[in-house]
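# Sequence below, structure please.
(one chain, ligands or ions: 1)
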Amino acid sequence: MESITSFSSQIHFNYLGYEALEYHLKSKNYSSIFILVDENTRVHCLPIFLASIGGGYSFEVIETESGELNKNITSCIKVWEALSEQGSDRQSLLINLGGGVITDLGGFVASTFRRGIDFINIPTTLLAMVDASVGGKTGVDLGMLKNQIGVINQPKMVLIIPKFLNTLEKRQLNSGFAEMLKHGLITSEPYWRVLKQVDSVDQLEEHIYDSIVIKNEIVRQDPNEQSLRKILNFGHTLGHAIESYFLENKERDSLLHGEAIAIGMIMEAFLSHQLTGLGINQLEDIKNTLLKHFEKVDFNDSDIHSIINLLKYDKKNSHGSVYFVLLKRIGDAQIDNRVPDDLLNQAFSYYKE
Ligand code: GLY
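This is a model prediction of the structure:
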């Protein structure tokens, strides 16, 4: 697969990625190279990476705990301390080997350590390949509020090694599939139609490239999310609130990011039908397709009340209002839509019916 240019860096695939990384390490002559892993990627991905990278480099490994609940400033402090204790300086490099938690947290740690050291993302989950590792959003959660602390800073390189997907459970793959479906919904009806034909998440590898092209094109046009990039938040206004609520609520099983976003997309498609002209057939198509892959989740009145309250803290809010990305039709998104409160309750009813 051809490499994709992203700002001043590149997104490389498979063996070309290893070659490009070796070349980069040689030309930059870093004083030390750190690899950030979690307990899963240390076991399942690090050996594959170390066996595949040539050049005789030595790497220091730093481990952080997996999971969204650990994507916080406490984990950052531990990684900053490890970098400091292990003698890193401004010419050090941090390689983030993991899913979205690792690439978000590691990118933020690198961007702020000694006012910024280089970092490279090697995503190991589908979600991180098609979304988190590309575009330079880095950061951590603040309590139950997602991605409240962070900076936009581009990685020096992104390596996509689809072999890592073999280490994932179906549920994890599905979570990334939600973001791929979103890419179709917001920019490309043909891509949505292609993905609709996918029966099993094992068939997703061949479609990763197109998703990354879509995401990269959007962020290249609007890296700081002044306008166009906001379309990537389709499904995320409600989706993030749902994800945060389930994360915090000990009585409920937590949802993976993509699982929450799938629910958010159904509800925001309903809002699109009410407010921006999305046709009923397309609305039903979106709901049926998503429910084929994502089991329905039960919400009671108290859940709905709490989730709607959480919305007001969403980082996409501006001047005290909640703004939504809505669809005019599949493949055409519109940013900055205000939604009346009563429609939010109706969106939950539509999802439940
Ligand atoms: N994940 C959305 C973005 O990168 O803007």
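
# What residues does the stretch 151-300 of the chain have near the ligand?
Within the stretch 151-300 of the chain, the positions adjacent to the ligand are 229, 232 by C-beta under 6 Å from any ligand atom. Quick note: C-beta positions are derived from backbone N, CA and C, even for glycine.

# which residue does the stretch 151-300 of the chain bring closest to the ligand?
Closest contact between the stretch 151-300 of the chain and the ligand, by C-beta to the nearest ligand atom, is at residue 232 (3.9 Å).

# can you tell me how far that residue sits from residue 135?
Per C-beta to C-beta, to the nearest Å, residue 232 is found 8 Å from residue 135.

# Likewise for residue 63?
26 Å.

# Equivalent analysis for residue 73, please.
Distance of residue 73 to residue 135, given as C-beta to C-beta: 22 Å.

# What is the neighbour count of residue 2?
Residue 2 has 10 neighbours, counted by other C-beta atoms under 10 Å.

# Contacts (any at all) between the ligand and the helix or strand where residue 121 lies?
If you go by DSSP states H and E, residue 121 is part of strand 118-123. No - Strand 118-123 lies out of reach of the ligand by C-beta under 6 Å from any ligand atom, never closer than 12.4 Å.

# And that strand, what does it pack against?
helix 14-28, strand 92-98, helix 100-112, strand 157-160 (3 or more C-beta pairs under 8 Å, 6 or more residues apart in numbering; DSSP states H and E).

# Need these in CSV (columns: mean neighbour count and mean pLDDT).
As requested, the helices and strands packed on strand 118-123 are exported to CSV (neighbours: other C-beta atoms under 10 Å; pLDDT from 0 to 100):
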stretch, mean neighbour count, mean pLDDT
helix 14-28, 15, 94
strand 92-98, 27, 98
helix 100-112, 26, 98
strand 157-160, 26, 97
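
# got the ones you listed as a markdown table, with distance to residue 246 columns?
Listed next are the helices and strands packed on strand 118-123 as a markdown table, based on distance: least, C-beta to C-beta, whole Å:
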| stretch | distance to residue 246 |
| --- | --- |
| helix 14-28 | 34 |
| strand 92-98 | 22 |
| helix 100-112 | 16 |
| strand 157-160 | 29 |
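
# List the residues that contact the residue of the stretch 151-300 of the chain closest to the ligand.
Shown in contact with residue 232 (C-beta atoms under 8 Å, 6 or more residues apart in numbering): 131, 182, 186, 215, 218, 219.
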